[in-house]
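Engineer: predicted model and sequence follow; I will ask about them next.
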Amino acid sequence: MAETKIPYKIYLNESEMPDKWYNVRADMKNKPAPLLNPATHEPMKPEELGVVFCDELVAQELDNTNPYIEIPQEIRDFYKMYRPSPLVRAYCLEEKLQTPAKIYYKFEGNNTSGSHKLNSAIAQAYYAKKQGLKGVTTETGAGQWGTALSMACSYLGLDCKVYMVKCSYEQKPFRREVMRTYGASVIPSPSMTTQVGQKILAEHPDTTGSLGCAISEAVEVAVTNEGYRYVLGSVLNQVLLHQSIIGMETKIAMDKYGIKPDIIIGCAGGGSNLGGLISPFMGEKLRGEADYQFIAVEPASCPSFTRGTYAYDFCDTGMICPLAKMYTLGCDFIPSPNHAGGLRYHGMSPVLSQLYDDGLMEARSVIQTDVFEAAEAFARVEGILPAPESSHAIRVAIDEALKCKETGEEKTILFGLTGTGYFDMYAYEKFHNGEMGDYIPTDEELAKYRAALPKVD
Ligand SMILES: *Cc1c(COP(=O)(O)O)cnc(C)c1O
């Protein structure tokens, strides 16, 4: 049979779109470890989590058994505005690399917020609205999550308070203004609006902030204001669940054309896009139905998987959030300011951490000048100007495709292209001017943070 020519872009019809999220935890033999109460070290009870998160999202967070969870019609309707996202066959990149490998990428940057984060933002905002809440609070680093959440909240008529890491607030005015366009209040963190912010400012008046600190502030505001809950854009089990829409669509599109990836690659910050992309494929691997090679790619400047410890740690600097068992660098770890993109969280999704610890997934770290080189090469042939975060996956996809060129193997490579980089042009400028450095933390530095991990037995 003649091979059907694979189109440059594979789309799904509305009728082919997934109507359920897939919960990979249901098929994991070793479940991710439960969140613990930071004071008692006992597993968090639903009513304790309910103080911080919406009830329905608590149920999703704790659900280790149901493999499929129905996507409410209202969320599916919202998804239709910007989904399905295209699955692209990177013919031009293959040609440029002169590789026998077949390269595909799932492009999540086709919405105003510019990344996959909208997939979970709309779900979390929807459940908050359904619970009759007034609004939600959150933190944002580079600003993609805050932007996505602002869009979702304005669509549903919810108030949205975003604690934005101070250095990003100052360096990324455009994203800040996008959030305000969608009606969110954006507060630079640490701020004087919370007790934890005041404490951090008293101790470190010149701090430019961190994600862990912004989380502490957003959680404090949620638990001390009637009608508010906290929402988070990555790391949590519920976020991976919502992001499974990426993998579900990819799987349906690939099955339609009889394509089976050998290698699946994604960048990993808190793990949500990677977890979402690999979920249905990982499910097959866990059930013994198929095998795939999964690769998480992280920055060498924030190497949670490759140099972190699998241990219980705080999710935030203020140590008020539950403890999560994850690959972590320690909750006080802050990547060097010369690190340009996102992917700067100290920890990692507990689901992915367990899968990695069980040897079901690999991880690689890459230096940022290599990442920007890959980003530029990709932009020049595929047209899309990628986000620095996404470009970590591009780097390893290119490396794998070049290996195939050496060995002559015709592997099929799939990677997640999580977003566009229009708001990251200062980083591109540094790269073009040859001013971008590569920072790799020393073993001594990492040991210092490791020693401060909480003792949990
Ligand atoms: C937030 C973000 C990431 C990293 O977050 P994960 O939860 O690890 O997916 C990657 N790419 C883009 C474009 C992002 O906005």
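Structural biologist: Yep, that arrived. In this text the structure is predicted, and so the values were computed from the model without any measurement.
Engineer: and the helices in the stretch 201-350 of the chain?
Structural biologist: 211-224, 237-256, 272-286, 304-307, 350-357 (DSSP state H, counting those that start in this stretch).
Engineer: lowest average confidence, helix or strand, in this protein?
Structural biologist: Lowest on mean pLDDT, DSSP states H and E among the helices and strands of the chain sits helix 166-171, with a mean of 89.
Engineer: just the C-alphas of that one, formatted as CSV.
Structural biologist: Extracted C-alpha coordinates of helix 166-171, given in CSV (Å, rounded to 0.1, in the frame of the first residue of the first chain):
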residue,chain,number,x,y,z
LYS,A,166,8.8,41.5,40.8
CYS,A,167,11.6,41.2,38.3
SER,A,168,9.2,40.0,35.6
TYR,A,169,6.7,42.7,36.6
GLU,A,170,9.4,45.3,35.8
GLN,A,171,11.1,43.5,32.9
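Engineer: and it with the ligand, contact?
Structural biologist: No - under the criterion of Cβ under 6 Å from any ligand atom, the ligand is not reached by helix 166-171; the shortest gap measures 12.2 Å. All C-beta spots, glycine's among them, are computed from the backbone N, C-alpha and C.
Engineer: can you pull out the helices in the stretch 51-200 of the chain?
Structural biologist: Using DSSP H, counting those that start in this stretch, helices in the stretch 51-200 of the chain cover 55-62, 73-82, 91-97, 118-130, 144-156, 166-171, 173-181, 195-203.
Engineer: and for Lys134, the neighbour number?
Structural biologist: 13 (other Cβ atoms under 10 Å).
Engineer: which residues touch it?
Structural biologist: When contacts are counted by Cβ atoms under 8 Å, 6 or more residues apart in numbering, Lys134 touches Leu158, Asp159, Glu226, Gly227, Tyr228.
Engineer: residues making contact with stretch 277-289?
Structural biologist: 22, 24, 27-29, 67, 106, 240, 243-244, 246-248, 250-251, 261, 264, 266, 290-292, 294, 355, 360-361, 414, 416.
Engineer: just the buried residues of these.
Structural biologist: 22, 24, 27-28, 106, 240, 243-244, 246-248, 250-251, 261, 264, 266, 292, 294, 355, 360-361, 414, 416 (16 or more other Cβ atoms under 10 Å).
Engineer: filter those residues by proximity to the ligand?
Structural biologist: Answer for those near the ligand: none qualify (Cβ under 6 Å from any ligand atom).
Engineer: can you tell me how far the spatially closest residue to Thr317 that is not a sequence neighbour is from Gly157?
Structural biologist: Using Cβ to Cβ, 6 or more residues apart in numbering and skipping the chain neighbours, the partner closest in space to Thr317 is Gly212 (3.6 Å). From Gly212 across to Gly157, the span is 31 Å (Cβ to Cβ, to the nearest Å).
Engineer: returning to what we had before: now mean neighbour count too, for the helices of the stretch 51-200 of the chain, in CSV please.
Structural biologist: Listed next are the helices of the stretch 51-200 of the chain as CSV, based on neighbours: other Cβ atoms under 10 Å:
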stretch, mean neighbour count
helix 55-62, 20
helix 73-82, 15
helix 91-97, 17
helix 118-130, 26
helix 144-156, 26
helix 166-171, 18
helix 173-181, 18
helix 195-203, 16
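Engineer: relative to Tyr426, which of those is closest?
Structural biologist: Closest approach to Tyr426 among these is made by helix 166-171 (6.9 Å; Cβ to Cβ).
Engineer: now the strands: where do they sit in the stretch 301-450 of the chain?
Structural biologist: Secondary structure of the stretch 301-450 of the chain by DSSP state E, counting those that start in this stretch: the strands cover 309-314, 323-328, 362-366, 412-417.
Engineer: so Thr328 sits against Phe305, correct?
Structural biologist: No - at 9.9 Å, Thr328 does not count as touching Phe305 under the criterion of Cβ atoms under 8 Å.
Engineer: please enumerate the shared neighbours of these two.
Structural biologist: Taking Cβ under 8 Å, 6+ apart as the criterion, Thr328 and Phe305 both touch Met348.
Engineer: how far away is the residue nearest in space to the middle of the chain from Val186?
Structural biologist: Centroid-nearest residue in the chain: Ser272, 3.7 Å away (criterion: Cα atoms, centre = their mean). Relative to Val186, Ser272 is positioned 22 Å away (Cβ to Cβ).
Engineer: and if you look at Asn23?
Structural biologist: 33 Å.
Engineer: neighbour count winner among these two?
Structural biologist: For Asn23 and Val186, the more surrounded residue by other Cβ under 10 Å is Asn23, and the numbers stand at 24 against 21.
Engineer: show me what contacts that one?
Structural biologist: Asn23 neighbours (Cβ under 8 Å, 6+ apart): Asp63, Asn66, Pro67, Tyr68, Ile69, Leu241, Ser244.
Engineer: would a markdown table of these with pLDDT be doable?
Structural biologist: Output for the contacts of Asn23, formatted as a markdown table (pLDDT from 0 to 100):
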| residue | pLDDT |
| --- | --- |
| Asp63 | 98 |
| Asn66 | 98 |
| Pro67 | 98 |
| Tyr68 | 98 |
| Ile69 | 98 |
| Leu241 | 98 |
| Ser244 | 98 |
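Engineer: list buried residues within those residues.
Structural biologist: Asp63, Asn66, Ile69, Leu241, Ser244.
Engineer: flag every residue of this protein that's near the ligand.
Structural biologist: 115, 117, 144, 234, 267-274, 342-343, 387, 389-390, 418-419.
Engineer: low-confidence ranges, this structure, go.
Structural biologist: Applying pLDDT under 70 to the chain picks out residues 1-4.
Engineer: can you add distance to Ser150 and give the helices of the stretch 201-350 of the chain back as JSON lines?
Structural biologist: What follows is the helices of the stretch 201-350 of the chain, written out as JSON lines (distance: least, Cβ to Cβ, whole Å):
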{"stretch": "helix 211-224", "distance to Ser150": "14"}
{"stretch": "helix 237-256", "distance to Ser150": "17"}
{"stretch": "helix 272-286", "distance to Ser150": "18"}
{"stretch": "helix 304-307", "distance to Ser150": "27"}
{"stretch": "helix 350-357", "distance to Ser150": "27"}
